[in-house]
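Chemist: A structural model of the following input is requested.
(one chain, ligands or ions: 1)
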Amino acid sequence: MASLARKLRRENKTIGFVATMGALHEGHLKLVEEARQMCDIVIVSIFVNPAQFNDKKDLERYPRDLTADAAILSGYRVDYIFAPDTEEIYPAGFSTYVYVENLTETLEGASRPGHFRGVATVVTILFNTIRPDFAFFGQKDAQQVAVIKRLAADLGFDTEIVVVPVVREESGLAMSSRNALLAPEERLKAAIIYQALREAKIAARNGERNAANLAEIVRRTIETEPLALVDYVAVVDNETLEPVDKIGEKAVLIAVAARFGSVRLIDNTVLNRRQ
Ligand code: PAF
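Modeler: Numbers count the residues shown, from 1 in each chain. Okay, here's the model as predicted:
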């Protein structure tokens, strides 16, 4: 992959990169479409990264079907699929990890210790291998976006991070590979997360500036659904992920995690100045 990418750069091709763990859905395909529009060459990686799973069971049950994923991508004019084995990414004796301070211990990091260390490490390895001009990530994983932007800036990667809006199912539920693990009723009811975020957005538009009140609106709305168990609702600065008290000039992220049965879902919305 590295020598191929080197050859492409020598030919002055712009390289767009979409990192995935497979189990592709429309959210990933939106990233691919965006990359296709912006770049000469589109590379998609498919690698279920063991380093970002703190729960062994979660790693084991993560859906894997390279043939199906490749078939899906065949309709999207992808130039290369990079699907390395675990030993290629983490050869024997591997012992170097990337840790992004401050951004990684809260929100998702709080309930998934080591998760962002795994993400940051694999993304660094993939960026080093491919050295893309543009890399595309989904806004659904807002904290991951903040972490990757930080690491790309701090480690001097010559890669622009392009953030693509959340793609939703018809019900409003954010697309995620985990949705396939929901029972049909849970999948339907999980749309309450999006409704809750919309309620908060409407309240903010109507003048609610108090972060705790907005968080409460989200929590209470989700809790109207008996199948849902709220893990957290956080109102934070969109860049630093520091908690905010009042909605002010800077963009604010409302981030949610909730469980439906054994499946943990996340979603978010960003309030900017006008909202
Ligand atoms: O968002 C994901 O699917 C993963 O965290 C990523 C970025 C592919 C790294 O393994």
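Chemist: alpha carbons only for contacts and neighbour counts from here, please
Modeler: OK.
Chemist: May I ask which helix or strand encompasses the closest residue to Ile193 other than its chain neighbours?
Modeler: With sequence-adjacent residues excluded and distances taken as C-alpha to C-alpha, 6 or more residues apart in numbering, Ile193 is closest to Ile222, at 5.9 Å. For Ile222, the enclosing helix or strand under DSSP states H and E is helix 211-223.
Chemist: Mind telling me which residue of the stretch 151-275 of the chain is nearest the ligand?
Modeler: Proximity of the stretch 151-275 of the chain to the ligand (C-alpha to the nearest ligand atom) peaks at Ser177, 8.9 Å away.
Chemist: What count of nearby residues applies to the residue nearest to Ile193?
Modeler: Counted by other C-alpha atoms under 10 Å, the residues lying close to Ile222 total 25.
Chemist: show me the contacts for Asp141.
Modeler: Ile266, Asp267 (C-alpha atoms under 8 Å, 6 or more residues apart in numbering).
Chemist: mind checking how far it is from Ala255?
Modeler: Using C-alpha to C-alpha, to the nearest Å, Asp141 is found at 9 Å from Ala255.
Chemist: Find residues that contact each of the two.
Modeler: Taking C-alpha under 8 Å, 6+ apart as the contact rule, Asp141 and Ala255 both touch Ile266, Asp267.
Chemist: Tell me the residues of the stretch 1-150 of the chain that contact the ligand?
Modeler: Residues of the stretch 1-150 of the chain lying close to the ligand (C-alpha under 6 Å from any ligand atom) are Ala19, Thr20, Met21, Asn49, Val119, Val123.
Chemist: Tell me which of those residues fall in strands.
Modeler: Judged by DSSP state E, these include Ala19, Thr20 as members of strands.
Chemist: How about the secondary structure of Tyr232?
Modeler: strand (DSSP: H, G, I helix; E, B strand; the rest coil).
Chemist: so it touches Ala258, yeah?
Modeler: Yes. Between Tyr232 and Ala258 a contact is recorded at 7.0 Å, counting by C-alpha atoms under 8 Å.
Chemist: Counting neighbours, go ahead and name the busier of these two.
Modeler: For Tyr232 versus Ala258, neighbours defined as other C-alpha under 10 Å are more numerous around Ala258 (22 against 17).
Chemist: measure the closest residue to the more buried one other than its chain neighbours to Val44 for me?
Modeler: Distances taken as C-alpha to C-alpha, 6+ apart put Val230 closest to Ala258, at 4.2 Å, once the chain neighbours are dropped. As judged by C-alpha to C-alpha, Val230 and Val44 stand 33 Å apart.
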